[in-house]
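Asks: Fold the following, please.
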Amino acid sequence: QFVRHESDTVGSLVLERSMNRVQLLGRVGQDPVMRQVEGRNPVTIFSLATNEMWRTGDSEVTQGGDISQKTTWHRISVFRPGLRDVTYQYVKKGARLYVEGKIDYGEYTDKNNVRRQATTIIADNVIFLSDGGTKEK
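Replies: Modelled structure (predicted):
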């Protein structure tokens, strides 16, 4: 991906490389849903949990101390037609997935007319690491 900006020193346009890349490995928190907004392509949406664990106490080398864990939930959106359909059909709650994509920050207005911020991972690759069963049709 290239971004154009105007150089202060030269006064000409310069192409600069930039990157927005996310890699997640976790478990699906809910069966995917497919939504379609007027005038837009359908999207498959699901949540993915990632866990971070660490040992608290005097020394991380010894077995002493307690183990703490933090779970982070990620909203995953799949727009690519083939991947979107396969994800909707075969991903189930509890399945272990590897997801690659980009992070997207957006705003929306909720039903109470309050502006909210949303962070979404736009997936362009989903790798199934566990079966988790198939979704019933």
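Asks: secondary structure class for the residue positioned nearest the centre of the chain?
Replies: Centroid check for the chain by Cα atoms, centre = their mean gives I121 as the closest residue, at 3.1 Å. Counting by DSSP: H, G, I helix; E, B strand; the rest coil, the backbone at I121 sits in strand.
Asks: Over to G82?
Replies: Secondary structure, three-state DSSP: G82 is helix.
Asks: Quick check: it vs G26, distance?
Replies: Relative to G26, G82 is positioned 22 Å away (Cβ to Cβ, to the nearest Å). From N, CA and C alone the C-beta is placed, and that goes for glycine too.
Asks: which residues of this structure fall in helices?
Replies: Assigned by DSSP state H, the helices in the chain fall at 81-90.
Asks: Show me the shaky parts of it.
Replies: Where the chain drops to pLDDT under 70, the residues are 1-12, 58-64, 130-137.
Asks: Let's see that with 50 instead.
Replies: Residue ranges of the chain with pLDDT under 50: 134-137.
Asks: and the gap between V22 and I76?
Replies: V22 is 10 Å from I76, by Cβ to Cβ.
Asks: Need the overlap of contacts for the two.
Replies: Counting by Cβ atoms under 8 Å, 6 or more residues apart in numbering, the contacts common to V22 and I76 are V99, G101, I121.
Asks: Next, the contact list for the closest residue to the second one other than its chain neighbours, please.
Replies: Yep, that's G101 we're talking about. Excluding its sequence neighbours, the residue lying closest to G101 (Cβ to Cβ, 6 or more residues apart in numbering) is A123, at 4.1 Å. Applying Cβ under 8 Å, 6+ apart, one finds that A123 lies in contact with I76, S77, V78, R80, L83, T87, V99, E100, G101.
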